[in-house]
Structure formats: C-alpha cells, structure tokens
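[1] All I have is the shape, not the residue letters:
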C-alpha cells in the first residue's frame with residue numbers, strides 16, 4: 001500500500017475575495033466623494049470671492065454723447081422799435097382848441113398837430129407888455145432928468161452927489177426895462193408852444209387828447225402825452241444774444257428777420273451796435289440792428305424772429321446735464337477708457353438747455369460717459385457697468 005506524503009494546499013474561500021473587492025470599491029467611492037466635495041467648496045469659495053469683489057465696485061450707467069448737427073445759424077426773438085420816437089407834451093396849460101393829425105397820419109417836421117387855447121397866458125403876456133411900456137416910460141423920464149442935472153452941475157447949481165443919484169436912478173430904470181423886455185420875450189416864447197408841431201418827419205403813432213380837454217403843462221406835474229410821432233422809414237431791431245454767441249455777432253454783419261404777418265418773406269437787417277456787456281439777470285448781450293422800412297410794411301413794437309448766420313463749430317456734442325461734475329478741478333465729465341477705467345475730462349459748455357447741455361470742447365462722439373458719477377469716483381478707478389445699459393438704456 002502506497003502512502004502519499006506530499007503537503008496539501010488549502011483552497012481559497014470564494015466569499016472572502018468578493019468582500020475584499022467590495023471594500024476596495026467602497027474606499028474608492030469615498031475618496032471620490034471627498035474629492036468632489038472639496039472641489040465644490042473651492043469653486044464656491046472662488047465664486048463667492050469674485051462676487052464679493054464685484055459687489056465692492058461701484059455700478060455706473062453709461063450714456064453716449066449725441067453729435068449735434070452743425071446748423072450755422074442762430075435764431076432768436078427780437079422786437080422792432082421806431083428809429084426815433086417823440087412823445088409830445090404840452091408846454092403851456094389850457095384847453096385843447098383843435099387837433100389836426102389822427103393816428104397813422106404822415107407828417108413833416110414843423111407840421112401843426114394841435115392848438116391849445118391859453119387865456120391865462122394871454123393875459124400874462126398883456127400884463128408883461130404893459131409892464132414893459134411902464135418901465136420904458138420911467139427910463140425915458142429918468143434919462144431926461146439925469147441930463148438936466150448933469151448940465152446944472154457945470155454951473156454949480158447942484159452938487160455932485162445929486163447928479164450921481166440921478167444917474168443911478170437912470171441905470172436902475174434901464175435895468176427894469178431889460179427885465180420887463182425879457183419877461184415879454186419869455187411869455188411870447190411860451191405862447192408859441194400853444195401850437196403843437198411835429199419834431200421830425202414821421203407818422204403819428206398815438207393821440208390821447210381831444211377838443212376841449214384840459215391840458216396841463218409838462219410831464220412831471222400831471223401832464224400827459226398828447227401825441228407820439230415816430231420815424232419809421234427805417235427801424236431798430238433789439239435782440240438778446242446769449243453770451244456764448246455774443247463774440248460771433250460782429251458790427252456790420254447781416255441778419256434776416258421775419259414777422260408773423262409775412263410768413264414767407266424775410267427782411268435784411270444790419271448789426272449797428274452792441275451793449276458790449278452781459279446782463280447778470282439773463283446772461284445775454286443786447287444787440288441792435290437796423291432794417292429798412294421805406295415801404296412801411298414793418299410796424300414798430302412788433303415781435304420778430306432774427307436769424308444770424310454763424311460759422312459752424314466742429315466737435316459739439318450733447319450730453320445729459322446729470323453727467324457734469326463740478327469740483328476743485330473745474331467742470332469735468334467722467335468717462336471710461338479702453339480698459340474700463342475711469343478717466344475724467346475737462347469740458348466747456350457751448351449751450352445749456354436745462355436737462356441737457358452742448359459741450360463745445362473736451363469730448364468726442366465716441367466717448368463712453370458715466371451718467372451721475374459718484375462723488376468718490378477718481379481717475380483710474382475700476383467700475384462695473386450697470387445692467388440697465390444691457391437692458392436697452394435709451395442713453396446707452
């Protein structure tokens with residue numbers, strides 16, 4: 001009988017191998033979960049940090065400047081005035097005897113407008129002439145007496161003192177004659193003012209009296225304007241020109257004026273004077289023009305529209321007034337450069353429309369402008385653009 005002495009090897013158990021594989025798989029899954037969690041937390045932390053940094057940047061709204069069409073003309077309201085206007089007041093009191101010129105009447109210099117009945121003045125003139133006659137008679141008598149006393153002095157019939165007295169009396173009487181004569185001439189000159197006449201060629205533009213009306217002399221003691229005569233063969237045009245355009249309105253330059261009653265016509269006018277100063281109340285300069293009116297189609301006192309031809313100003317853009325910032329550096333506008341960094345630009349205003357302004361220099365039509373810039377904003381600051389621009393901001 002044969003006995004096998006070789007060692008025997010135990011066979012592996014199938015259940016124990018599967019357990020090890022499962023444990024290994026579970027370990028791998030656990031490691032994957034931990035790694036995924038750590039990656040998610042890192043991503044969330046980075047996103048949170050990015051969001052926090054983004055929220056720390058000021059949000060700004062951008063607007064684009066609008067290029068202004070260059071219309072080389074300035075249209076302003078004006079008023080027409082007579083070249084000369086004289087208000088006719090009475091120099092003497094009385095009652096209006098008659099008037100000879102109605103409103104609209106064309107008159108020549110010296111033409112009679114009205115007559116005033118002056119009974120009181122007539123009596124004063126009569127009395128003055130009587131006083132003059134008395135003064136002349138007294139002077140004649142004093143002259144005769146003085147000559148006689150002077151002749152008697154040669155024979156020592158009278159004293160030198162008495163002769164001097166007679167000569168002095170003659171001088172006094174002659175002075176009284178001169179005074180009386182001056183009074184008569186004054187009243188005669190005043191009497192001539194009972195006739196109201198036109199001071200120059202023109203048209204009667206006002207009549208505020210009638211026959212029988214009580215007339216008071218002068219214009220400071222209850223007297224009223226009786227007539228007004230205007231010279232209208234050429235008219236003055238007065239225009240208030242804004243300060244920003246005043247330097248472009250030169251003496252001798254031409255302008256076109258139009259009036260509502262002739263909507264399809266223009267009249268040529270010439271600049272003849274300027275106030276050469278700016279009114280603090282309106283910020284404008286008063287400019288005077290002259291327009292020919294030989295045909296008498298234009299009326300003094302009427303409204304007119306005045307058009308000045310100006311040289312075009314290049315580079316003018318319009319922006320909201322809220323984009324302006326005035327500080328120690330002057331008037332500036334905040335813009336964004338190509339790297340979305342703040343860049344302040346100094347500007348000048350060409351025209352102010354209230355809610356918007358025209359910028360004469362400092363900006364271009366391609367600039368990106370920050371509307372209502374925060375006070376703390378400085379050059380090279382980083383900002384974030386408001387979502388309103390992306391949502392169709394009408395200015396953006």
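    Ah, there it is. As the structure is a computational prediction, the values presented were derived from the model and not from experiment.
[2] And the next helix or strand past the helix or strand harbouring residue 130?
    Assessed by DSSP states H and E, residue 130 sits inside helix 119-153. Downstream of helix 119-153, the first helix or strand assigned by DSSP H and E is helix 160-192.
[3] And residue 154, how far from residue 161?
    16 Å (C-beta to C-beta, to the nearest Å). For the C-beta atoms, the positions are set from N, CA and C on the backbone; glycine is no exception.
[4] same check, this time on residue 305
    Taking C-beta to C-beta, one finds residue 305 at 86 Å from residue 161.
[5] ok so, going back, chain center to the helix holding residue 130: distance?
    Distance of helix 119-153 from the chain centroid (C-alpha atoms, centre = their mean, to the nearest Å) equals 66 Å.
[6] swap in stretch 197-216?
    That offset, for stretch 197-216, works out to 35 Å (C-alpha atoms, centre = their mean).
[7] what do you get for stretch 89-105?
    On C-alpha atoms, centre = their mean, the centre of stretch 89-105 falls 39 Å from that of its chain.
[8] Span of it from start to end?
    One end of stretch 89-105 sits 18 Å from the other (C-alpha to C-alpha, to the nearest Å).
[9] just stretch 235-249 next, same as before
    With C-alpha to C-alpha as the measure, what separates the two termini of stretch 235-249 is 19 Å.
[10] Hmm, residue 239 is touching residue 306, no?
    Yes: at 5.0 Å, residue 239 counts as touching residue 306 under the criterion of C-beta atoms under 8 Å.
[11] any low-confidence regions in the chain?
    1-18, 34-37, 39-56, 69-72, 219-222, 312-314, 387-396 (pLDDT under 70).
[12] Tell me, how many residues neighbour residue 82?
    Residue 82 has 22 neighbouring residues, counting by other C-beta atoms under 10 Å.
[13] which residues does it bridge with?
    Counting by DSSP bridges, residue 82 is bridged to residue 235.
[14] mind checking how far it is from residue 280?
    Taken as C-beta to C-beta, the span from residue 82 to residue 280 is 29 Å.
[15] same check, this time on residue 133
    From residue 133 to residue 280 the distance is 64 Å (C-beta to C-beta).
[16] okay, those two: which has more neighbours?
    residue 133 (13 against 6).
[17] domain ranges for the chain?
    59-70+314-390, 119-191 (automatic domain parsing).
[18] quick one, what contacts residue 144?
    Contacts for residue 144 were tallied using C-beta atoms under 8 Å, 6 or more residues apart in numbering; there are none.
[19] phi, psi of the residue positioned nearest the centre of the chain?
    In the chain, the residue lying closest to the centroid (C-alpha atoms, centre = their mean) is residue 284, at 3.2 Å. As for residue 284, its main-chain torsions (degrees, to the nearest 10) stand at phi -130, psi 160.
[20] I'd guessed it sits against residue 244; true?
    No: Residue 284 is beyond contact range of residue 244, at 9.9 Å (criterion: C-beta under 8 Å).
[21] Looking at strand pairing, list the partners for the residue nearest to the centre of the chain.
    Counting by DSSP bridges, the residues bridging with residue 284 are residue 242.
[22] so how far is residue 212 from the residue nearest to residue 213 when sequence neighbours are not counted?
    With sequence-adjacent residues excluded and distances taken as C-beta to C-beta, 6 or more residues apart in numbering, residue 213 is closest to residue 96, at 4.7 Å. Distance check for residue 96 against residue 212: by C-beta to C-beta, it reads 6 Å.
[23] Which of these two has more residues huddled nearby?
    Between residue 96 and residue 212, counted using other C-beta under 10 Å, residue 96 has the larger neighbour count: 19 against 10.
[24] Quick check: which helices or strands does the host helix or strand of that one pack against?
    Here residue 96 sits within strand 94-99, counting by DSSP H and E. Counting contacts by 3 or more C-beta pairs under 8 Å, 6 or more residues apart in numbering; DSSP states H and E, strand 94-99 is packed against strand 112-117, helix 119-153, strand 214-215.
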